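*Asks:* got a predicted model here, sequence first, then my questions.
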Amino acid sequence: MNPIFYINGAFVPEQEARLSVNDIALLRGYGIFDFFKAVNGVPIFIEDHLDRFEASAAKMHLAIAESREQLREAILTLIKRNPAPLLGIKIVLTGGLSPDGYTPTTPNLLMIAKPFQFADANKPMKLMLVEHQRELADIKTTNYLLPIWLLPQMKAAKADDYLYHKDGYITESSRSNIFIIKDEQLITSNQGILFGITRKHILKMAAKHFEVIERPVSLEEALSTDEVFTTGSTKRVIGIGQIDNHLIGNGQTGKATKYLQTLFAEYEKMYL
Ligand SMILES: Cc1ncc(COP(=O)(O)O)c(C=O)c1O
């Protein structure tokens, strides 16, 4: 099936969705986006993602011409035009065509829909430690320079992703948040991170079952804790079995993480 994308109000086949080479999203990497999934045609946590998209745009001094209602309508039409049981939807706002190649102007709005599959939730991930703090961490910018640049090193280390840390504290992974479980407490960083929508719902959902704490998490405690897991829209909840050469627990998905995986799958169904 030929994917249909959205660009500035028009629905067009993928090959016709084009932007000018003068857009500073291309020339300078200045743009924001959000990403979420639609399950059987239903966009999951869409209002949270639109809240974050609008907040990212405002923080980047980019004006969204479309109202919330128009954004929602465009997303629903995009989903209808790309029927698939599991669809990943990326909405992107660029810095716009810039005469001087530097100053943001009128943004371009794009929406891309592609079928995807969840990663195997039973397979724990291995993370590679990377000393790094994402720039403008609470904004979902299109800047993923370092994690993409490090891909060959990550593959050589046989890792699945990264664990960012700085000054002795962990923050997040390249595209997901990190939780540790220690003595029945669920702990996640609240500094220097992108506030994930999955993270938000895990915190809400888990509060009935665990003591839930948002605070800085040291690297030392992350390496020595009972369980570590990561959360994101395409991952949901995935256990971390290894960080560099340190095994977490016995290297398998922990018991509490498995419990949360089941709870979260059920929780998401409430939105369908
Ligand atoms: C840097 C970063 N942190 C965390 C997340 C997880 O966010 P969400 O749960 O909204 O997918 C993402 C998602 O892409 C991300 O890019």
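*Replies:* Arrived safely, thanks for sending.

*Asks:* could I get the phi/psi values of Lys80?
*Replies:* phi -60, psi -40 (degrees, to the nearest 10).

*Asks:* what's the local residue count around the residue lying closest to it once chain neighbours are set aside?
*Replies:* Residue nearest to Lys80 in three dimensions, not counting chain neighbours: Gly41, with 7.4 Å by C-beta to C-beta, 6 or more residues apart in numbering. Glycine gets a C-beta too; all of them are placed from N, C-alpha and C. A total of 14 residues lie near Gly41 under the criterion other C-beta atoms under 10 Å.

*Asks:* swap in His132?
*Replies:* 17.

*Asks:* ok, it to Lys208 distance?
*Replies:* For His132, the distance to Lys208 equals 34 Å [C-beta to C-beta, to the nearest Å].

*Asks:* buried residues in stretch 13-21?
*Replies:* If you call a residue buried by 16 or more other C-beta atoms under 10 Å, then stretch 13-21 has these buried ones: Ala17, Leu19.

*Asks:* got the end-to-end distance for that stretch?
*Replies:* 19 Å (C-alpha to C-alpha, to the nearest Å).

*Asks:* for stretch 110-129, same thing?
*Replies:* Start to finish, the residues bounding stretch 110-129 are 33 Å apart (C-alpha to C-alpha).

*Asks:* that stretch close to the ligand?
*Replies:* No - Stretch 110-129 lies out of reach of the ligand by C-beta under 6 Å from any ligand atom, never closer than 12.6 Å.

*Asks:* model confidence over that stretch, on average?
*Replies:* Across stretch 110-129, pLDDT averages out at 96.

*Asks:* how near is Gln133 to the ligand?
*Replies:* Relative to the ligand, Gln133 is positioned 11 Å away (C-beta to the nearest ligand atom, to the nearest Å).

*Asks:* tell me who's in contact with that residue.
*Replies:* When contacts are counted by C-beta atoms under 8 Å, 6 or more residues apart in numbering, Gln133 touches Tyr164, Lys166, Thr171, Gly192.

*Asks:* near the ligand, which residues of the protein show up?
*Replies:* 35, 172, 175-177, 194, 196-199, 231-233.

*Asks:* one more pass at 5 Å, please.
*Replies:* Contacts of the chain with the ligand, taken as C-beta under 5 Å from any ligand atom, map to Glu172, Arg175, Ser176, Asn177, Leu194, Gly196, Ile197, Thr198, Gly232, Ser233.

*Asks:* CSV for the residues you listed, including pLDDT, distance to Gln153 and secondary structure?
*Replies:* Rendered in CSV, the data for those read as follows (pLDDT from 0 to 100; distance: C-beta to C-beta, whole Å; DSSP: H, G, I helix; E, B strand; the rest coil):
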residue, pLDDT, distance to Gln153, secondary structure
Glu172, 98, 19, strand
Arg175, 98, 17, coil
Ser176, 98, 19, coil
Asn177, 99, 22, strand
Leu194, 98, 22, coil
Gly196, 98, 25, coil
Ile197, 98, 29, helix
Thr198, 98, 27, helix
Gly232, 98, 21, strand
Ser233, 96, 26, coil
